[in-house]
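*Asks:* please find the sequence and the predicted model below.
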Amino acid sequence: MTQTVRRKHEHVDISVKENVEIYEKNFFDEVDLIHKALPELDFEDVNTSTYFLGHKFSAPLIVVGMTGGYSLAEKINAEIAKAVEILGIGMGVGSQRAAIENSSVIRTYTIVRKYAPNAFVIANIGASQLKEYSIKDIRNICDMIQADALAVHFNALQECVQPEGEPNYSGVLEKLKVLCDELDIPIIAKETGCGISKEVAVELEAVGVKAIDIGGLGGTSFALIESIRAEKMGQYDVSLIGRTFAYWGLSTVISIIEVRSVTNLPLIASGGIRNGLMVAKSIALGADLAGMGLPVLKAVLEGGHKKAVNFLERTIKELKVAMFLTGSRRIIDLKRQPLILSDRIINWMKQRDIDYKKYTEKRMKA
Ligand SMILES: Cc1cc2nc3c(=O)[nH]c(=O)nc-3n(C[C@H](O)[C@H](O)[C@H](O)COP(=O)(O)O)c2cc1C
């Protein structure tokens with residue numbers, strides 16, 4: 001087992017067994033939709049279908065990339081693939097670095113297309129690894145799963161608090177630009193738990209990124225996962241640094257607002273999305289899809305794709321309830337719903353020069 005693969009295994013193991021989530025920081029409780037006592041529509045008329053990067057989704061939901069590279073990961077990817085194919089939504093695979101390093105694990109990713117021939121599938125590579133790999137390597141990992149898009153993930157905090165981390169981000173933007181120019185499929189810039197600010201969103205759009213997964217603070221915390229790993233490895237100082245930065249980043253809600261205030265690019269909201277009401281709030285805030293990670297991983301490990309389908313169906317039902325209760329027949333109507341944001345969020349917007357009224361108008365145009 002290579003170091004990369006062992007680490008991937010430990011990430012899954014720790015995230016399902018330990019408490020690695022920071023819900024209190026996602027800020028969904030600081031956002032309210034307005035209840036409509038008279039929705040003037042029937043529940044069965046609510047339609048959750050939507051388009052993302054030209055692909056039709058039955059609901060604005062995607063299972064974000066988590067794993068690959070070893071036998072349990074193959075099973076996990078297969079079960080997630082079956083679930084998303086049944087539901088008509090999308091999924092990502094975890095970092096494909098392992099497949100570049102060792103061709104014998106390629107099947108742990110390709111399995112996805114066996115079970116999800118029609119779903120929107122996203123390939124995945126770390127931003128800091130772009131310097132190591134050629135365009136051909138990146139094309140190969142996309143082709144191996146006939147990817148509809150490539151997620152380039154940003155994990156600067158994780159690299160700092162990971163015992164064997166490589167926090168090397170100089171020159172990444174230039175590499176990203178070359179990749180955007182060369183690759184035939186759209187590139188999604190994806191954070192992994194610290195969110196994306198408006199300044200970074202502008203830089204990403206300028207180099208040709210076609211969508212952003214804001215990956216905000218308030219769900220699975222890689223600072224905590226790595227802190228637990230470091231502790232198990234006897235690296236107590238590294239472990240404490242992870243704890244110190246467990247709350248670092250832009251909350252999921254704040255990051256959607258920041259990014260949507262400066263761009264019309266398609267957005268995925270992820271980081272702590274745990275039910276359909278959070279999906280509804282994300283869409284109303286300006287996201288196009290909501291992404292879920294750990295809850296789907298847990299469901300798959302507990303009861304395979306059936307349990308995942310069950311969980312995701314409930315999530316979609318909750319989204320429909322929120323749409324019904326706001327009188328939103330379609331996703332576009334949900335995007336136009338008025339929102340009440342807490343003082344904390346308004347204060348953040350003021351300090352960040354985001355005009356609340358202008359933001360609301362921009363969001364509604366999306
Ligand atoms: C076990 C595990 C492994 C992950 N591996 C990757 C990865 O390889 N690449 C990536 O872009 N994100 C990875 N992520 C991050 C997720 O895509 C997502 O950003 C994060 O889990 C937040 O969503 P959640 O709160 O719904 O779990 C991983 C998450 C988990 C739980």
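*Replies:* The structure has been received and is ready for your questions. Residues are numbered from 1 along each chain as shown.
*Asks:* run a quick neighbour tally on the closest residue to the ligand within the stretch 101-250 of the chain.
*Replies:* Residue nearest to the ligand within the stretch 101-250 of the chain: residue 219 (2.1 Å; Cβ to the nearest ligand atom). Yep, even glycine has a C-beta here, placed from its N, CA and C like the rest. Other residues within reach of residue 219, judged by other Cβ atoms under 10 Å, total 27.
*Asks:* tell me who's in contact with it.
*Replies:* Contacts for residue 219 (Cβ atoms under 8 Å, 6 or more residues apart in numbering) come out as 21-23, 26, 193, 252, 270-274, 293-294.
*Asks:* quick check on these: which are buried?
*Replies:* Neighbour counting with 16 or more other Cβ atoms under 10 Å marks 21-22, 26, 193, 252, 270-274, 293-294 as buried within the contacts of residue 219.
*Asks:* ok, and which of the residues you listed reach the ligand?
*Replies:* 193, 270-273, 293-294 (Cβ under 6 Å from any ligand atom).
*Asks:* list the contacts of residue 15.
*Replies:* When contacts are counted by Cβ under 8 Å, 6+ apart, residue 15 is found next to 220, 225, 294, 297.
*Asks:* can you tell me the element residue 170 falls in?
*Replies:* Using DSSP states H and E, residue 170 sits in no helix or strand.
*Asks:* how much space separates it from residue 162?
*Replies:* Distance, residue 170 to residue 162, by Cβ to Cβ, to the nearest Å: 18 Å.
*Asks:* what's around residue 35, how many residues?
*Replies:* Here the number of neighbours of residue 35 (other Cβ under 10 Å) works out to 10.
*Asks:* check what pLDDT it gets.
*Replies:* Residue 35 is assigned a pLDDT of 97 by the prediction.
*Asks:* look up how far the ligand lies from the nearest residue to it once chain neighbours are set aside.
*Replies:* Excluding the flanking residues, the one nearest residue 35 by Cβ to Cβ, 6 or more residues apart in numbering is residue 325, at 5.7 Å. Distance, residue 325 to the ligand, by Cβ to the nearest ligand atom, to the nearest Å: 24 Å.
*Asks:* for residue 325, grab phi and psi.
*Replies:* Torsion angles at residue 325 (phi, psi; degrees, to the nearest 10) stand at phi -70, psi -10.
*Asks:* and the pLDDT for it?
*Replies:* If you check residue 325, the pLDDT there is 98.
*Asks:* surely it and residue 36 touch.
*Replies:* Yes: the pair residue 325 and residue 36 passes the contact test of Cβ atoms under 8 Å, sitting 6.3 Å apart.
*Asks:* between those two, which one's more packed in?
*Replies:* Neighbours were counted for residue 325 and for residue 36 using other Cβ under 10 Å; residue 325 has more, 18 against 14.
*Asks:* re the thing from before, who has more neighbours out of residue 170 and residue 162?
*Replies:* Each of residue 170 and residue 162 has its neighbours counted (other Cβ under 10 Å); residue 162 has more, 23 against 8.
*Asks:* need the contact list for the closest residue to that one other than its chain neighbours.
*Replies:* Computed as Cβ to Cβ, 6+ apart, the closest residue to residue 162 that is not its neighbour in sequence is residue 226, at 4.6 Å. Neighbour list for residue 226: 158, 161-163, 165, 238, 242 [criterion: Cβ under 8 Å, 6+ apart].
*Asks:* residue 226 - that's part of a strand, no?
*Replies:* No: checked against DSSP: H, G, I helix; E, B strand; the rest coil, residue 226 lies outside a strand; its state is helix.
*Asks:* could you measure from it over to residue 353?
*Replies:* From residue 226 to residue 353 the distance is 33 Å (Cβ to Cβ).
*Asks:* ok, back up a step: return the member of the contacts of residue 219 nearest to residue 65.
*Replies:* The shortest approach to residue 65 among these belongs to residue 293, at 8.1 Å (Cβ to Cβ).
*Asks:* count of residues packed around the residue nearest to that closest one when sequence neighbours are not counted?
*Replies:* Take residue 293 and drop its neighbours on the chain: the residue closest to it by Cβ to Cβ, 6+ apart is residue 64, 4.7 Å away. When counting by other Cβ under 10 Å, one arrives at 31 neighbours for residue 64.
*Asks:* residue 290 is in contact with residue 64, correct?
*Replies:* No: in this structure, residue 64 is not within contact of residue 290 by Cβ under 8 Å, at 9.6 Å.
*Asks:* anything in contact with each of those two?
*Replies:* Residues touching both residue 64 and residue 290 (Cβ under 8 Å, 6+ apart) are 268, 270.
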